[in-house]
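> Provide a 3D model corresponding to the input given below.
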Amino acid sequence: MRTLILIPLVFILAACSGTSGPREQPLDPTDPLATTRTERSAEELYAEAQRLIARGDYRTAATRLQDLQARYPFGGYFKQAQLDTIYAFYRAREMESTIRASDRFIRLHPQEPEVAYALYMRGRANLSRGDDFLTRTFGIDRRIRDPGPMLEAVNDFNQLIDRFPDSEYADDATSRIQELRNGLAYNELHVARYYMKRQAYVAAANRAMGIIENYQGTPMVADALEILEQAYEELDLADLREDVLRVIEENYPDHPSLRERPWFLPDLGAS
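Predicted coordinates for the structure are as follows:
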């Protein structure tokens, strides 16, 4: 599986100004009350956030970065803090917060090249939204759950590729789109099988046609043709059924649907 390493952009504005004024005493980073002091500079808040990220305390780091943005909205650390907030929320597995932080960056900096990163991270967050506790604990195939997050991830990655085709994230986004299309086609196939089990043949045929029309190039097209053939048989649409069988024979000559009856129909939810 391709993994693009996500690294926060640390200290690229090394000499930025942003100190709010003289402080009464040096800041002790071990002081538990230090986070509430109003005299803390942008540089100190940013440095602390980076230390927290390095320790893996991503939720607290995100809080510090948000505090920095609220206190110093016109300082040199503001934009970088927004990007690192996206990263920190993602590493903390707070996907909704990652999406909101990405959206905010895109809204405030629509023409900046770093929008590519924000779009990529929004896509990654949408891609991860279905990977929740129940899915992981009980081994539920996330492809048969709500396809909304997958559709949104495809949209995010497509925007990235369209707007920033030379971005370092474009190749990975392209690969993820193909995986997502496979997942979306599988979701539709699962629904079509469900309708076949319930003898809702018109609905099953419509779902199968949707796969054939919208997800060409995915492995699910062959099984969609089989479901379409069986639905047409049940609906006494002999001419349409024969057309589908010819397509299967020409394109998938080894497909189980061409075997001697009983016709092959995978169990609901099988891959």
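> and the nearest residue to residue 227 once chain neighbours are set aside, helix, strand or coil?
Nearest non-adjacent residue to residue 227, counting by CB to CB, 6 or more residues apart in numbering: residue 208, 4.4 Å away. Glycine gets a C-beta too; all of them are placed from N, C-alpha and C. Classification of residue 208 using DSSP: H, G, I helix; E, B strand; the rest coil returns helix.
> Begin at 220 from now on, thanks
With the count now opening at 220, the last piece we talked about shows up as residue 427.
> Kindly provide the distance from residue 427 to residue 473.
Residue 427 is 20 Å from residue 473, where distance means CB to CB, to the nearest Å.
> one step back: and the residue nearest to residue 446, how many residues sit next to it?
Residue 427 has 30 neighbours, counted by other CB atoms under 10 Å.
> Also residue 378?
For residue 378, using other CB under 10 Å, the count is 18.
> That one reaches residue 339, doesn't it?
No. In terms of CB atoms under 8 Å, residue 378 does not count as a neighbour of residue 339; the distance is 9.8 Å.
> sorry, back to before: list the contacts of the residue nearest to residue 446.
Applying CB atoms under 8 Å, 6 or more residues apart in numbering to residue 427 gives the contacts 408, 411, 443, 444, 446, 447, 450.
> Turn those residues into JSON lines, including neighbour count.
Below are those laid out as JSON lines (neighbours: other CB atoms under 10 Å):
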{"residue": "408", "neighbour count": "28"}
{"residue": "411", "neighbour count": "27"}
{"residue": "443", "neighbour count": "25"}
{"residue": "444", "neighbour count": "22"}
{"residue": "446", "neighbour count": "27"}
{"residue": "447", "neighbour count": "28"}
{"residue": "450", "neighbour count": "27"}
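> Counting only helices, which of the residues you listed make the cut?
Here DSSP state H is the test, and those give 408, 411, 443, 444, 446, 447, 450 as lying in helices.
> sorry, back to before: quick one: which two of the contacts of residue 427 are the most distant?
Farthest pair in the contacts of residue 427 (CB to CB) is 408 and 450. Separation: 13.0 Å.
> tell me the mean pLDDT for stretch 462-469?
Mean per-residue pLDDT for stretch 462-469: 90.
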